[in-house]
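1. Here is my input; please provide its structure:
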Amino acid sequence: MNIISKALKTFFTEGPVPFIKKTLNFVKRAVSGVPASVNPGVYNFVGDYSRPALSKKELNERFRAIDKDKMVINWVVPDMGVGSGGHMTIFGTIGFLEKFGHKNRIYIFGGTKHGSSKKLKKFINDNFFNLEAEVYNSMDNMKDSDAVIATSWQTAYPVRGIQNARKKFYFVQDFEPWFYPMSSEYKMAENTYRFGFYGICAGPWLAKTMKENYGMGADYFDLAYNPKIYFPKENNGSVELLSKDELNSAKKIILPEVKKTKIVAYVRPVTPRRCFELLMQGLREAYTRGLDFDLSFVGWDLTPYIIPFDEEFRNLRILNHKGLADLYNWADMGIVFSPTNYSLLPHEMMACKLPVIEMKGQTTEEIFKDGENITLADPDPIAIADKIEELLNSPERRKQQAETAYEYVKQFSWEKSARKVESILKRELDQSNGA
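-> Okay, the predicted model is just below:
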């Protein structure tokens with residue numbers, strides 16, 4: 001049964017040609033008496049993680065002398081799906097680094113559901129950005145580089161064992177121990193901050209936390225938005241959107257002209273840190289008070305979930321960036337909760353002049369100004385409903401917050417953030433190279 005499962009997996013993930021080749025090799029081994037289970041590749045890790053560290057001199061001889069204007073950067077990333085904000089930031093940064101003249105490679109750690117390296121690159125180009133980077137569906141045979149960058153706590157462990165890079169970096173987008181209760185995963189994630197990598201962090205709070213709590217060298221870049229997609233547009237009534245679910249099944253949805261105040265709430269119940277349950281209870285409390293508003297959910301397909309109120313809502317599932325921008329321009333209020341590190345979504349909403357309610361916490365209080373460019377709600381259903389009611393009842397306050405937030409967010413751009421990442425890489429490689 002195990003052999004059959006492997007064969008089917010090969011056929012559906014890699015295609016008919018690799019399936020036929022592997023089947024013929026299996027038959028050949030069986031006929032010649034070589035055990036079918038022999039696969040020396042399963043022991044690649046023995047060599048990959050046992051090599052002694054290369055000195056600067058050795059890297060210069062076998063790789064090349066460092067050229068800060070043409071850096072070679074290896075990124076180690078976990079597998080991905082449609083709509084991953086973390087991957088969007090990684091690949092967007094890579095895209096700009098390519099434009100700046102640097103060579104990038106992407107290695108997947110932990111396997112991929114996308115099959116071959118070629119299929120994986122097509123998925124990235126189709127769903128994120130069209131990159132020139134080399135893409136590999138595993139970490140096998142990682143090539144020499146100036147920098148190797150871990151991008152999640154799981155990828156930090158194999159990066160710790162890589163010995164053919166000048167310096168190791170950690171692209172920290174969130175405080176990942178908070179993704180778990182106090183547990184083995186919490187401690188394993190937290191331990192990676194003590195590996196000695198240099199942290200490139202999303203925002204000042206994370207950099208401060210890495211330095212003060214873990215002694216990690218760290219600097220930060222700002223999360224940004226794409227002004228060519230997210231910008232204020234005149235609302236001309238109904239809007240047509242292309243909605244997808246997590247399996248990429250698509251359907252068209254029409255947003256009608258609505259006289260009620262229109263609220264759009266970002267939901268992702270499969271991601272606990274998005275506080276789906278708190279949001280639902282806050283909305284339930286708002287409806288219990290008799291507040292009247294039009295409600296749309298975006299971010300995930302809510303079909304299987306039991307919603308704790310009877311009022312109608314739209315299940316917009318997953319939208320692409322253009323669809324999100326159209327939605328934010330159509331709506332009157334946005335709600336998104338980011339109780340760990342702040343996320344991309346508030347900036348994107350603000351860029352469309354959509355007033356935002358976020359969750360109050362040490363990260364959001366570090367970034368935003370409550371009552372000026374954002375409304376922060378305590379993590380309590382009553383407090384959430386209070387903030388919804390305050391904005392619902394004050395169109396003038398919504399307008400003032402939206403204008404202030406729009407002026408605030410205009411300072412950010414992904415190119416500027418990528419330049420900051422580039423400057424961190426150059427500076428730290430300079431220091432490690434003894435320059």
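2. center of the chain - which residue?
-> In the chain, the residue lying closest to the centroid (CA atoms, centre = their mean) is Gly86, at 1.0 Å.
3. so that one sits right up against Phe171, yeah?
-> No. In this structure, Gly86 is not within contact of Phe171 by CB atoms under 8 Å, at 9.2 Å. Just so you know, the C-beta spots here come from the backbone N, C-alpha and C atoms, and that holds for glycine as well.
4. From Gln173, how far out is Gly215?
-> 20 Å (CB to CB, to the nearest Å).
5. Buried ones in stretch 258-265, by neighbour count?
-> Going by neighbour count (16 or more other CB atoms under 10 Å), the buried part of stretch 258-265 is 261-265.
6. right, I mislabeled it, should have said stretch 346-364
-> The neighbour-count check on stretch 346-364 (16+ other CB under 10 Å) flags 346-361, 363-364 as buried.
7. what's the domain layout of the protein?
-> 2-38, 66-223+415-432, 239-412 (automatic domain parsing).
8. ok, back up a step: which one of the buried residues of stretch 258-265 is nearest Leu319?
-> Val264 (10.3 Å; CB to CB).
9. what's the neighbour count on Leu241?
-> 22 (other CB atoms under 10 Å).
10. give the contact list for it.
-> Shown in contact with Leu241 (CB atoms under 8 Å, 6 or more residues apart in numbering): 252-255, 316, 319, 323, 326-327.
11. Export those as CSV, with columns for distance to Trp153, neighbour count and secondary structure.
-> CSV is the format used below for these (distance: CB to CB, whole Å; neighbours: other CB atoms under 10 Å; DSSP: H, G, I helix; E, B strand; the rest coil):
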residue, distance to Trp153, neighbour count, secondary structure
Lys252, 39, 8, strand
Ile253, 37, 17, strand
Ile254, 42, 8, strand
Leu255, 39, 20, strand
Leu316, 31, 23, coil
Leu319, 29, 19, coil
Gly323, 31, 19, helix
Asp326, 35, 20, helix
Leu327, 32, 24, helix
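12. Dump those residues into a markdown table; add pLDDT as well.
-> Putting the contacts of Leu241 into a markdown table (pLDDT from 0 to 100) gives the following:
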| residue | pLDDT |
| --- | --- |
| Lys252 | 94 |
| Ile253 | 94 |
| Ile254 | 93 |
| Leu255 | 94 |
| Leu316 | 97 |
| Leu319 | 93 |
| Gly323 | 96 |
| Asp326 | 96 |
| Leu327 | 97 |
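13. Which single one of those is nearest to Lys56?
-> Leu319 (47.9 Å).
14. Would you mind measuring from the closest one to Asp301?
-> Leu319 sits at a distance of 12 Å from Asp301 (criterion: CB to CB).
15. cool, and Ala218?
-> 37 Å.
16. Compare those two and say which is more crowded by neighbours.
-> More crowded of Ala218 and Asp301, by other CB under 10 Å: Ala218, with 23 against 20.
17. and that one, what is it in contact with?
-> 172, 198-201, 206-207, 210-211.
18. is it in a bridge, and if so with what?
-> Going by DSSP bridges, Ala218 is paired in beta bridges with Gly199.
19. Can you give me the distance of it to Phe276?
-> Taking CB to CB, one finds Ala218 at 31 Å from Phe276.
20. can you check Thr192 too?
-> For Thr192, the distance to Phe276 - CB to CB - is 27 Å.
21. Kindly report the same for Gly95.
-> In terms of CB to CB, Gly95 sits 31 Å off from Phe276.
22. Narrow the contacts of Ala218 to those that are buried.
-> 172, 198-201, 206-207, 210.
23. So for stretch 348-355, first residue to last residue, what's the gap.
-> Terminal residues of stretch 348-355 are spaced 11 Å apart (CA to CA, to the nearest Å).
24. which residues touch that stretch?
-> By CB under 8 Å, 6+ apart, stretch 348-355 touches 225, 227, 230-233, 264, 324-325, 328-329, 331-334, 336, 356, 373-375, 391, 398-399, 401-403, 405-406, 408-410.
25. Compare Gly215 and Gln173 (neighbour count), which wins?
-> Set Gly215 next to Gln173 and count neighbours by other CB under 10 Å: Gln173 wins out with 22 against 11.
26. who's in contact with that one?
-> 86, 89, 151, 201-202, 206, 341.
27. repeat that with 6 Å
-> 86, 202 (CB atoms under 6 Å, 6 or more residues apart in numbering).
28. Could I get the pLDDT score of it?
-> At Gln173, the pLDDT value in this model is 97.
29. From Glu396, how far off is it?
-> The value you get for Gln173 to Glu396, if CB to CB is used, is 36 Å.
30. shaky segments in this protein?
-> 1-3, 5-19, 21, 25-52, 433-435 (pLDDT under 70).
31. what do you get if the cut-off is 80, keeping everything else the same?
-> Counting by pLDDT under 80, the chain shows low-confidence ranges at 1-56, 59-65, 82-83, 85, 235-237, 248, 432-435.
32. a markdown table for the buried ones among the contacts of Ala218, including distance to Trp178?
-> As requested, these are exported to a markdown table (distance: CB to CB, whole Å):
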| residue | distance to Trp178 |
| --- | --- |
| Val172 | 12 |
| Tyr198 | 22 |
| Gly199 | 16 |
| Ile200 | 19 |
| Cys201 | 15 |
| Leu206 | 11 |
| Ala207 | 16 |
| Met210 | 14 |
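33. and of the residues you listed, the nearest to Trp414?
-> Among the buried ones among the contacts of Ala218, and counting by CB to CB, the member closest to Trp414 is Ile200, at 14.5 Å.
34. Quick one: residues contacting that closest one.
-> 169, 171, 421, 424.
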